[in-house]
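Participant: mind folding the following:
(chains A, B, C and D)
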Amino acid sequence: MDRPLLKITDLKKYFPVKGGLFGRPVGWVRAVDGVSFEIFRGEAFGLVGESGSGKTTLGQTVLRMHGRTSGQVMFDGLDIHSLPPKEFHKTHTRMQYIFQDPYSSLNPRIRIGDAIAEPLLAHRLATRADVGEQVENILAQCGMAARFMDRYPHEFSGGQRQRIVIARAIALNPEFIVADEPVSSLDVSIQAQIINLFSDLQEERKLTYLFISHDLGIVEHLCSRIAIMYLGSVVELATRSELFLNPIHPYTKALLSAVPIPDPERKRSRIVLNGDIPSPENPPLGCRFHTRCPYAKDICREKVPEFRKVKDHHQVACHLF
Amino acid sequence: MSILKRKASSGRKRSKSIWEQSFRRLFKNRSAVFSACILGFMFLFSFVGPLISPYSSNGIDVTVMKHPPDFTHWLGTDIYGRDVMTRLMLAGRISLTVGLASMVLSLLLGSLLGAVSGYYGGIVDSIIMRIADILMSIPSLPLLIIIAAMLSEFKVPTDYRLYIVMLMLSLVGWPGLARLIRGQILSLREQMYMKAADVLGLGTWRKIFHHLLPNTYPLLIVVATLSTASGILSESTLSFLGLGVVEPTSSWGNMITIANNLIDFQKHPWLWIPPGAAIFITVVAINVLGDAVRDVLDPKMKGR
Amino acid sequence: MEEPIITVRNLQTFFHLEGRVSKAVDNVSFSVPKGKVICIVGESGCGKSVTALSLLRLVDFPGRIAGGEILFHNRDILKMNTKEIHNLRGDKISMIFQEPMTSLNPVFTIGRQISETLLEHTLCDRKEAWEKGVELIKKVGLPRAEKIMDSYPHELSGGMLQRVMIAIALSCQPELLIADEPTTALDVTIQAQVLDLLRQLRDQSDMSILFITHDLGVVAEIADYVIVMYAGRIIEEAPVTELFRHPRHPYTRGLLKSRPVIGQRRDRLYSIKGQVPDLSELPQGCYFADRCESCMEACRKEYPESVSDAGGHKTACLLYKEGVANGSTTAEDY
Amino acid sequence: MIPILFGISLLIFFLFALMPGDYFSSNRRLSPQRLEELRALYGMNKPLIVRYFIWLKNVFHGDFGFSLQHMQPVTTLINQYIWNSFIVALATLFFTWTIALVIGIYSATKQYSIFDRLVTLGVFASLSVPSFFIGLLLIKLFGVDLHILPIGGMIDTGSTTTGLAYVLEVLRHMILPITVLTFLSVGSLTRYFRTGMLEVLRMDFIRTARAKGLKERTVIFRHALRNAILPAITLLAFELPGLFSGAIITEQIFSWPGIGRIQLDALSARDYPVLMTLTMLLAFLTILGNFLADVLYAAADPRIRLTKKEGG
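Facilitator: Numbering: from 1, shown residues only, chains lettered A, B, ... in the order given. Down below sits the predicted model:
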């Protein structure tokens, strides 16, 4: 395999919990707590986690939408978090982000044609003369007719808006896209349309995705390598077939068995986890998962398991394996 | 504003602009249309009326002093025999002007300081907001009265009193506005589309003027109407107390001062009821219109 | 089938907005037998939630139940007076909602909100109601019941709150529990817990459940009988195994195929083209015609009637109407 | 809170210090020499900053200065009049909240009804009428034309009534000022309750309460009302100082002997210590009100209680 396009090393992002007098931080939410992985050119990398796992924060920190606490994000040899403003500005044409909610990620007062044209002009990828044509082409590629250009976001349905948001992102012709739950607010029949759009675009434009989702079905469909996140750290990372056929971490197993399968005749043995995800402000000592793990031992309560390679293309952080 | 110009032949259906859509909805609201008509009438009455009126403002006519309303003088005459209706029109010019001008001033001051405070945050924000806090801790009427009294001490020429009143009203009015705008900017900054604008690498100028500010216009418009209403009310109160606009310039407020004279108050109600009614009608109309505009532009803001 | 608990006939619930009528639920008929789980499945705007709310007459302005009848033990709920409907709600029929975080009153303790229902519908005093509440909390599998009784909603997680909601719903041992997307707002692992709980409760008592969801996976997990809705109408209904084995309506089939399923990866997802129609501007014919791959000319003329086969599998699609082509073979040919 | 009070004291002091005249300069009969003597006596010739700190120190000791117009300490003076204002303010507060609560809640539950429309109209009237004008109108109507209520003052001129008769007489004089003040403040509060209630009635937990089979009365008065009233607690902060300052106009019009009146009197007599003290008092009441509102709100809303606990 060639050099990774994106390399994340021990990335941490803590948010202060303000309180007390003068708003001093009284604690830290460890949203991302020491994550390392690589994403290779042209692959779709899936990041799966439940709410509060820190997956969104991770995606946003990769694109430096907020500063990191520590660690490093290398994109094609560029240390994203140490780039001077001018250089950083240039990376916007190479890395883009697609937000979860297509309703709030479009400015209600800007016509969609303008919304797509703006970034093109900002990065001098088009001139005022030819920008209209470019916008039309991009919209067409995302399955939207050119006549929609003069409309406002509120005139579109959720699926159409997500197409617009995708069009806006790919208009800059990026190599790498972080897609944060791009279909979770959409209906099932529309989800399929958008997922297909993602695969089509990847094929046509040789895109690399970091696809963030809580939906294992979608991630299995779209991604070739998948990382499972729990409370700020990655607990398991493997290729698609490895992860779904031989899951190792108890959390991955539980997650897989909890996904409802649309087949009433298939009876499965379910691992139903007890309790809730603990607060990232006050995570459990030792293995983060031990409070809910059915197999937890003493060592799990004391020592943080190392994230290590167990097979080719399969890494896991668990004492039991 | 639009980057993409419409191609003449493309036949794209260009949807109406947000303003046009809002305006249409406003037009469907009966009470909004009605109050807009009343306001229009008030403006015509004040600014065009005197030109049509057969009487002049200083047309002292000793033969018809304190004459009750009849067909020649629809609202009667005052103690100098001047036509009350004509005076009402001229006073309306002053009252409406003071209301509008103080609104514009406090809006400028408030939105500028509020936007700076909200956008930059930090120490600038703290300073501006503390000043606003201090000004807001003193109820506005006593504060206005003190400032007005102080200005009386400085013997400001009566011609300038008008402008001073505008300044005073905006001085008292801006902190509340600045807070509102600041809150709006802060919440807008957290919007996903502002984050998206960051990731897309849009320039700061574009972000502020095309993304941030246009989204504050609805709030500004609503606030503008309401602050015009309160400006007119405060001016009338100050003038009634003799601390605002003073004779010979007349405003609706100082026309009512005549009611302090017990005889005039009891026997000549046409001298003070019409200006009071004019204030009331104008302010109600502005408030109703403002409320309707708020419903149309920003339904979430209702009742705040 | 034994005597149903509740029978809905030709229910119509319309929303009046800015002079337009939006037919959120139109001509919906079904019944819920004792001790069974009936699932209504469909996408947003299909009228599944409004149907559920209509059963308890909880539709808010500008919605209005325009017609039909809802028979609960042969008494029409729509004709009940205020007192009767209050006696029914929470006692004989209870309901839980999608957002457990906002469905409980933030200023009252959990304990108060549980005992409230008991005090309203049963002859017990405060102390008894409280003790019963503690029992219910234990029954829905929450630890430290006494402590939870004294907590406020914001102190508990979404999963816990949904259990509390279930406890409240169960407090008067209802004959029917209406669950409106009860797991949609929850994480997968928590969803599994709640589904387990509901299944367990159904097995323990002979309470019926009307379960509303958009997720066919959840349907397969919990349903005995499935109703598929689209644009305010029922388009297909069948026992759960039958429906998943032989889905008939092109929409149901499309839905099943467009969802990626773990372990059954295909290169490309099937997708239903287009959008759900505007409920205030519904076409004359079948509402799905514009998106349907098997659309025929007749489909655009009139709305297809629901046809039942011998096994009770009902489909509202011309492909399955007797006399119109050999629908079943052509349609199952994909 | 304390820095703001400090800032206010600074603002008020320098505002008054900027005034070109003082109590003595309005007295033409004083010789320049005598003027200087008097000023020295009352410490008015010291540098501004020094005067400020002297004033501040005195304020801390409860000494707010001496009213030269009334020839008594400001505190004594205010103590004489404030209770007259306070009793009107309290009555107004009571009526305003009661009426606003009842009407606001009722019209919210009957949204779009005729009653609701009338209430909305009334709210606008209340928000838009100049206080002095409504006062004058009512005096004209009830005092002059109908002769059923006194036109002003606290007691009839030359009245010597005592005991119950005195109380009744005062009450009769209070009717109009309280009516006016109530009418002026009831509008915004009614609107606040109405929109608050409408908002709460749309919330999910109201649907839950209905689904539980609670009576509509219980749903509204137990579940919705509490949530709708909670945010209004913060309004209390502005109510009391607001009433005192709003009373300036009404007290003037109805010749009610309260602090609003002496405020205006002090203004024309350049009796600045009185003015400064009253302004400080109002500002202090506002800040105190804010503080109390925060405390009350925290006590009433369980959600706040938790964050406070975590934060502290």
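Participant: which parts of chain A are helices?
Facilitator: Remark: helices assigned in chain A by DSSP state H are A:55-62, A:85-91, A:112-122, A:131-141, A:158-171, A:188-205, A:216-222, A:240-245, A:250-258, A:298-302.
Participant: cool, the stretch 101-250 of chain B as well?
Facilitator: B:122-137, B:140-153, B:158-189, B:192-199, B:204-206, B:217-240 (DSSP state H, counting those that start in this stretch).
Participant: okay, now residue D:98: neighbour count?
Facilitator: Using other Cβ atoms under 10 Å in any protein chain shown, residue D:98 has 12 other residues around it. Bear in mind the C-beta positions are built from the backbone N, C-alpha and C, glycine included.
Participant: surely it is in a strand?
Facilitator: No: under DSSP: H, G, I helix; E, B strand; the rest coil, residue D:98 falls outside any strand and is assigned helix.
Participant: what's around residue A:7, how many residues?
Facilitator: Neighbourhood size, residue A:7 [other Cβ under 10 Å]: 17.
Participant: could you do residue A:41 as well?
Facilitator: 16.
Participant: which residues touch the closest residue to it other than its chain neighbours?
Facilitator: The shortest distance from residue A:41 to any non-neighbouring residue, by Cβ to Cβ, 6 or more residues apart in numbering or on different chains, is to residue A:5 (4.4 Å). Residues in contact with residue A:5 (Cβ atoms under 8 Å, 6 or more residues apart in numbering or on different chains) are A:39, A:40, A:41, A:75, A:76, A:175, A:176, A:208.
Participant: residues contacting residue 100?
Facilitator: Picked chain A for this. Counting by Cβ under 8 Å, 6+ apart, residue A:100 has contacts A:56, A:180, A:181, A:182, A:184, A:185.
Participant: nope, chain C please
Facilitator: Residue C:100 neighbours (Cβ under 8 Å, 6+ apart): C:158, C:159, C:161, C:162, C:164, C:165, C:182, C:185, C:186.
Participant: can we see that at 10 Å?
Facilitator: By Cβ atoms under 10 Å, 6 or more residues apart in numbering or on different chains, residue C:100 lies in contact with C:153, C:156-166, C:182-183, C:185-186, C:194, D:204, D:208.
Participant: can I get the CA coordinates of stretch B:157-168 in CSV?
Facilitator: What follows is stretch B:157-168 as a C-alpha-only set of coordinates in CSV (Å, rounded to 0.1, in the frame of the first residue of the first chain):
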residue,chain,number,x,y,z
PRO,B,157,-30.8,77.0,23.0
THR,B,158,-34.4,75.8,22.5
ASP,B,159,-33.8,75.2,18.8
TYR,B,160,-31.2,72.6,19.6
ARG,B,161,-33.2,71.0,22.3
LEU,B,162,-34.8,68.8,19.6
TYR,B,163,-31.5,67.3,18.6
ILE,B,164,-30.4,66.9,22.2
VAL,B,165,-33.6,64.9,22.9
MET,B,166,-32.8,62.6,20.0
LEU,B,167,-29.3,62.1,21.4
MET,B,168,-30.6,61.4,24.9
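Participant: quick one: contacts of it?
Facilitator: B:94, B:97-106, B:140, B:143-144, B:147-148, B:150-152, B:154, B:156, B:231, B:234-235, B:238-239, B:243-249, B:251, B:253.
Participant: what sits closest to the residue in chain C positioned nearest to chain A if chain neighbours are left out?
Facilitator: Residue nearest to chain A within chain C: residue C:217 (3.0 Å; Cβ to the nearest Cβ). In space, and not counting its chain neighbours, residue C:217 is closest to residue A:260: 3.0 Å by Cβ to Cβ, 6+ apart.
Participant: pipe the helices of chain A into JSON lines and attach mean pLDDT per row.
Facilitator: JSON lines is the format used below for the helices of chain A (pLDDT from 0 to 100):
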{"stretch": "helix A:55-62", "mean pLDDT": "93"}
{"stretch": "helix A:85-91", "mean pLDDT": "90"}
{"stretch": "helix A:112-122", "mean pLDDT": "90"}
{"stretch": "helix A:131-141", "mean pLDDT": "90"}
{"stretch": "helix A:158-171", "mean pLDDT": "91"}
{"stretch": "helix A:188-205", "mean pLDDT": "90"}
{"stretch": "helix A:216-222", "mean pLDDT": "92"}
{"stretch": "helix A:240-245", "mean pLDDT": "91"}
{"stretch": "helix A:250-258", "mean pLDDT": "91"}
{"stretch": "helix A:298-302", "mean pLDDT": "89"}
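Participant: can you list the ones you listed in JSON lines and add mean neighbour count and distance to chain B?
Facilitator: Shown next, in JSON lines, are the helices of chain A (neighbours: other Cβ atoms under 10 Å in any protein chain shown; distance: least, Cβ to the nearest Cβ, whole Å):
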{"stretch": "helix A:55-62", "mean neighbour count": "24", "distance to chain B": "8"}
{"stretch": "helix A:85-91", "mean neighbour count": "12", "distance to chain B": "5"}
{"stretch": "helix A:112-122", "mean neighbour count": "24", "distance to chain B": "4"}
{"stretch": "helix A:131-141", "mean neighbour count": "18", "distance to chain B": "5"}
{"stretch": "helix A:158-171", "mean neighbour count": "25", "distance to chain B": "7"}
{"stretch": "helix A:188-205", "mean neighbour count": "20", "distance to chain B": "17"}
{"stretch": "helix A:216-222", "mean neighbour count": "24", "distance to chain B": "21"}
{"stretch": "helix A:240-245", "mean neighbour count": "18", "distance to chain B": "28"}
{"stretch": "helix A:250-258", "mean neighbour count": "22", "distance to chain B": "27"}
{"stretch": "helix A:298-302", "mean neighbour count": "14", "distance to chain B": "38"}
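Participant: average model confidence for stretch B:237-247?
Facilitator: Averaging pLDDT along stretch B:237-247 yields 82.
Participant: what do you get for stretch C:131-145?
Facilitator: 90.
Participant: quick one: that stretch to chain centroid distance?
Facilitator: In terms of Cα atoms, centre = their mean, to the nearest Å, the centre of stretch C:131-145 is set 26 Å apart from its chain centre.
Participant: is that stretch positioned near chain A?
Facilitator: Yes: Stretch C:131-145 reaches chain A (Cβ under 10 Å from any Cβ of the partner chain) through C:141, C:143.
Participant: got the end-to-end distance for that stretch?
Facilitator: 10 Å (Cα to Cα, to the nearest Å).
Participant: mind listing what's buried in that stretch?
Facilitator: The neighbour-count check on stretch C:131-145 (16 or more other Cβ atoms under 10 Å in any protein chain shown) flags C:132, C:133, C:134, C:136, C:137, C:139, C:140, C:141, C:142, C:145 as buried.
Participant: CA atoms only for stretch B:194-212, dumped as CSV, please.
Facilitator: Extracted as CSV, the C-alpha positions of stretch B:194-212 are listed here (Å, rounded to 0.1, in the frame of the first residue of the first chain):
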residue,chain,number,x,y,z
MET,B,194,-21.3,29.7,9.5
LYS,B,195,-19.0,26.7,10.2
ALA,B,196,-19.6,25.6,6.7
ALA,B,197,-18.4,29.0,5.5
ASP,B,198,-15.3,28.5,7.5
VAL,B,199,-14.5,25.1,6.0
LEU,B,200,-15.2,26.4,2.5
GLY,B,201,-12.6,29.1,3.1
LEU,B,202,-14.8,32.1,2.4
GLY,B,203,-13.2,35.4,3.1
THR,B,204,-13.9,37.3,6.3
TRP,B,205,-15.6,40.1,4.5
ARG,B,206,-17.9,37.8,2.7
LYS,B,207,-18.7,35.9,5.9
ILE,B,208,-19.6,39.1,7.7
PHE,B,209,-21.5,40.9,5.0
HIS,B,210,-23.1,38.1,3.1
HIS,B,211,-23.7,35.5,5.8
LEU,B,212,-23.8,37.0,9.2
